[in-house]
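Q: take this sequence and fold it.
(2 chains)
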Amino acid sequence: MVASGGNGTAEVLLEARQISKRFGGLAALQGIDLKIFRGEILGVIGPNGAGKTTFVNCISGLDKPTSGEILFKGVDITKMPSYAIGRLGLARTFQVVKPLKQLTVRDNVAVGAMFGAKGATRTTAQARAYAEEILERIGLQHRKGHKAAELTLPDLKRLELAKALAMNPELLFLDEVMAGLNQTEIERAMELIRGVNRSGITLFVIEHVMKAIMGISDRVVVLHFGKKIAEGNPQEVIEKPEVVEAYLGERFAKRVRGERKSP
Amino acid sequence: MPERKLSRRQVIAAASILVLLVALLFVPKFRSEYELLNYTRFLILALMAQGWNLIGGYTGYAAFGNVAFFGIGAYTTGLLMISKWAVPFFPAMFCGAILAALVAVVIGLPVLRLKGHYFAIATLGVAEATREIADTWDSVTQGSTGIDLPVRSEGEFFYYSALALVVLGVIATALLVRSKLGYAWVAIREDQDAARMLGINTTPLKVLAFALSAVFAALAGGLTAYQNIHVTPGDFFKLEYTLQMIIATIIGGSGTIFGPVLGAGVYQLLSTYVWTKFIELHPTVLGLIIIFFIIFAPRGLMSLVSEGLKVVRGQKRFRWQGLLANVRAHRVT
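A: Residues are numbered from 1 along each chain as shown, chains lettered A, B, ... in the order given. Reported below is the predicted structural model:
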């Protein structure tokens, strides 16, 4: 199930080549090369402003990279509009949640089921039925009749995930779905994410909660000032001096090392 | 159990609609020719408002130029009827609707890429431009003198035609909003980036909403032209018509199936009443009433109706806070 990075036999699902993005004078991304392998969970960390969300925006077509190219399942999606990328099997959640507020929770999810990768094959009734299935899986079915405007933040984060899952993606970008959740909620979210991955969906997970990232990722990538400064096995990556300096701080690195040795 | 409950609700809803429809069918029997004119005005306003509801209510684009399509419908209908082919009324009116839809597509493709206020201003400009064209294209429109249509004076003909179009409008709206298209429109209204990311190709669907709203306005324009006999740029490209359709939709409940019709009814009632009671201050009093509605029922009458029905059914207890929540929902703080 787990595809280890760098393994030459694993299938490359998405490849970003030399992605750069400039906003006026600011270089938000500087020549990022990245491969995502089918079946893996790739964790992405980096301080605020490192370019994580900008990278996802560029991949998902919401924004266009200034230079570089993106291949998804071998197809060049660099200049594709986001709805076409979505239908190709790439979905994402938004860090700042984007619910369709006046629609019910079920209809929010049904929209994803109607227009996603398998949307053309479903009627509206089938899409609504599929939406209920997804809500059941996510544990949000008790809210299905509520308007999205009435949900709490943890439920809104779950709704983001449900909408994206309803699109039947092969590759799913999760942009800080755990921010603002408490300890138990994080545990549940981790379990949920592992379950999603087991169902065959490749995941790209941006998260600040280190414990979660370390717990679920097969590989970790570290971004800093728009550059990729490290990539590889989670344990090794967070011990690299440049990662410690850029992001974690010496104390955290020590703690992680200590935790690993103690048991 | 919940399924049975739902079907009973549907039966009650269908029955009340039927009663209302039958009542409307008998209006000409009990009303004077003059009063019938007000009923026809209400139906024509309802038709325009239904159109505006598709682009403004469901898709969330504040179109301020729909009177352009009203005028295009009026002129096309009139010009075809008095042309050497002497096209009969209904085919002429449908040609007007098709032309208006085509114009909406051509305008919509660039203009619907604009956001919020910019879109509103652009459509306002389009309405002004079409008026200027009607005013200066003398060889076709006879400029500001206008054109004269064949006379038809039975009020019942216009009343029943308008009623039929409104009923068709309700059915069309109900079918559209339950389709994938309707879901896509609402998704676009709620969050355009989210809609795109969910796989919705937004631009053509927005253009379609705009074109359909143009069809409604053009049908209303054609009917009004035939009823008024005389069509001039000043009378038919009036900003007032755009405002009326927006006000009717908002009073009734934008983004609801029956809201525009209900709003048009209330608007016409108020307008007629105020007109007879306050001859001089008519616009001022009407304006105050509209402000009252916007402040105290910003979600429209349909939302009050559905809340009321919940109370009647015992699903909810009546609470004043509920009403206040409606008011607060559209406040800044």
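
Q: now for the residue of the stretch 1-150 of chain B found nearest chain A: which residues touch it?
A: In the stretch 1-150 of chain B, no residue comes nearer to chain A than residue B:60, which is 9.9 Å away by CB to the nearest CB. From N, CA and C alone the C-beta is placed, and that goes for glycine too. By CB atoms under 8 Å, 6 or more residues apart in numbering or on different chains, the contact list for residue B:60 reads B:185, B:188, B:189, B:190.

Q: wait, is it part of a strand?
A: No - per DSSP: H, G, I helix; E, B strand; the rest coil, residue B:60 lies outside any strand segment and is coil.

Q: pull the host helix or strand of residue A:195 out as CSV, backbone CA atoms only.
A: Assigned by DSSP states H and E, residue A:195 falls within helix A:183-198. Taking Å, rounded to 0.1, in the frame of the first residue of the first chain, the C-alpha atoms of helix A:183-198 are listed here in CSV:
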residue,chain,number,x,y,z
GLN,A,183,-6.4,16.7,20.5
THR,A,184,-9.2,14.2,20.2
GLU,A,185,-10.4,15.8,16.9
ILE,A,186,-6.9,15.5,15.5
GLU,A,187,-6.7,11.9,16.4
ARG,A,188,-10.0,11.3,14.6
ALA,A,189,-8.9,13.3,11.6
MET,A,190,-5.7,11.3,11.4
GLU,A,191,-7.7,8.1,11.4
LEU,A,192,-10.0,9.5,8.7
ILE,A,193,-7.1,10.5,6.5
ARG,A,194,-5.5,7.1,6.8
GLY,A,195,-8.8,5.6,5.8
VAL,A,196,-9.1,7.8,2.8
ASN,A,197,-5.6,6.8,1.7
ARG,A,198,-6.4,3.1,2.2
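
Q: does the helix or strand that it is followed by come close to chain B?
A: Sequence order places strand A:202-206 as the next helix or strand after helix A:183-198, per DSSP H and E. No - Strand A:202-206 lies out of reach of chain B by CB under 8 Å from any CB of the partner chain, never closer than 14.5 Å.

Q: returning to that earlier point: now do the helix holding residue A:195 against strand A:202-206, angle only.
A: 150 degrees (axes from the mean of the first three to the mean of the last three CA atoms, to 10 degrees).

Q: what mean pLDDT does helix A:183-198 get?
A: Helix A:183-198 shows a mean pLDDT of 93.

Q: which strands and helices sit next to it?
A: Applying 3 or more CB pairs under 8 Å, 6 or more residues apart in numbering or on different chains; DSSP states H and E, one finds that helix A:183-198 makes contact with strand A:41-45, helix A:153-165, strand A:202-206, helix A:210-216.

Q: what's the angle from the third one to strand A:41-45?
A: Which is strand A:202-206. Inter-element angle recorded for strand A:202-206 and strand A:41-45: 10 degrees (by the same axes, to 10 degrees).

Q: what lines up beside strand A:202-206 in the sheet?
A: strand A:41-45 (parallel), strand A:171-175 (parallel) (DSSP bridges).

Q: so which of those comes closest to residue A:244?
A: strand A:41-45 (12.0 Å; CB to CB).

Q: reformat the strands paired with strand A:202-206 as JSON lines; add mean neighbour count and mean pLDDT.
A: Putting the strands paired with strand A:202-206 into JSON lines (neighbours: other CB atoms under 10 Å in any protein chain shown; pLDDT from 0 to 100) gives the following:
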{"stretch": "strand A:41-45", "mean neighbour count": "26", "mean pLDDT": "95"}
{"stretch": "strand A:171-175", "mean neighbour count": "24", "mean pLDDT": "96"}
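
Q: could you pull out the helices in the stretch 51-200 of chain A for me?
A: For the stretch 51-200 of chain A, the helices defined by DSSP state H, counting those that start in this stretch cover A:52-59, A:82-88, A:105-115, A:124-138, A:153-165, A:183-198.

Q: from the middle of its chain, how far away would the third one be?
A: Read it as helix A:105-115. For helix A:105-115, the separation from the chain centroid amounts to 19 Å (computed by CA atoms, centre = their mean, to the nearest Å).

Q: over to stretch A:119-137?
A: That offset, for stretch A:119-137, works out to 22 Å (CA atoms, centre = their mean).

Q: keeping just the C-alphas, turn that stretch into PDB.
A: Output of stretch A:119-137 as PDB, limited to C-alpha atoms (Å, rounded to 0.1, in the frame of the first residue of the first chain):
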ATOM      1  CA  GLY A 119     -20.000  13.600 -12.300                       C
ATOM      2  CA  ALA A 120     -21.100  13.000 -15.900                       C
ATOM      3  CA  THR A 121     -22.200   9.500 -15.100                       C
ATOM      4  CA  ARG A 122     -24.500  10.500 -12.200                       C
ATOM      5  CA  THR A 123     -28.000  12.000 -12.200                       C
ATOM      6  CA  THR A 124     -28.700  14.600  -9.500                       C
ATOM      7  CA  ALA A 125     -30.600  11.900  -7.500                       C
ATOM      8  CA  GLN A 126     -27.600   9.600  -7.700                       C
ATOM      9  CA  ALA A 127     -25.300  12.400  -6.700                       C
ATOM     10  CA  ARG A 128     -27.300  13.100  -3.700                       C
ATOM     11  CA  ALA A 129     -27.400   9.400  -2.700                       C
ATOM     12  CA  TYR A 130     -23.600   9.300  -3.100                       C
ATOM     13  CA  ALA A 131     -23.200  12.400  -1.000                       C
ATOM     14  CA  GLU A 132     -25.000  10.600   1.800                       C
ATOM     15  CA  GLU A 133     -22.600   7.700   1.500                       C
ATOM     16  CA  ILE A 134     -19.700  10.100   1.800                       C
ATOM     17  CA  LEU A 135     -21.200  11.900   4.800                       C
ATOM     18  CA  GLU A 136     -21.600   8.600   6.500                       C
ATOM     19  CA  ARG A 137     -17.900   7.800   5.900                       C
END
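
Q: quick one: which of the contacts of residue B:60 is most hemmed in?
A: Highest neighbour count within these, by other CB atoms under 10 Å in any protein chain shown: residue B:185, with 28 neighbours.

Q: how many other residues sit next to residue B:224?
A: 25.

Q: and it, what element?
A: Assigned by DSSP H and E, residue B:224 falls in helix B:202-228.

Q: secondary structure element for the residue lying closest to residue B:208 once chain neighbours are set aside?
A: Among residues not flanking residue B:208 along the chain, residue B:181 sits closest, at 7.1 Å (CB to CB, 6 or more residues apart in numbering or on different chains). Using DSSP H and E, residue B:181 sits within helix B:180-190.

Q: that older thread, which of the helices of the stretch 51-200 of chain A has the highest mean neighbour count?
A: The highest mean neighbour count among the helices of the stretch 51-200 of chain A, using mean count of other CB atoms under 10 Å in any protein chain shown, belongs to helix A:105-115: a mean of 28.

Q: for that one, name the packing helices and strands.
A: helix A:82-88, helix A:124-138, helix A:153-165, helix B:180-190.

Q: now those helices as CSV including mean pLDDT and distance to residue B:99?
A: As requested, these are exported to CSV (pLDDT from 0 to 100; distance: least, CB to CB, whole Å):
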stretch, mean pLDDT, distance to residue B:99
helix A:82-88, 96, 30
helix A:124-138, 96, 32
helix A:153-165, 94, 40
helix B:180-190, 97, 23
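
Q: which of these sits closest to residue B:270?
A: helix B:180-190 (27.6 Å).

Q: right, is the following helix or strand past the closest one up against chain A?
A: Once the chain leaves helix B:180-190, the next helix or strand it forms, by DSSP H and E, is helix B:192-197. Yes - Helix B:192-197 is in contact with chain A by CB under 8 Å from any CB, via B:193, B:194, B:195, B:196, B:197.

Q: got JSON lines for these, with pLDDT too?
A: Shown next, in JSON lines, are the residues of helix B:192-197 next to chain A (pLDDT from 0 to 100):
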{"residue": "B:193", "pLDDT": "93"}
{"residue": "B:194", "pLDDT": "95"}
{"residue": "B:195", "pLDDT": "96"}
{"residue": "B:196", "pLDDT": "95"}
{"residue": "B:197", "pLDDT": "95"}
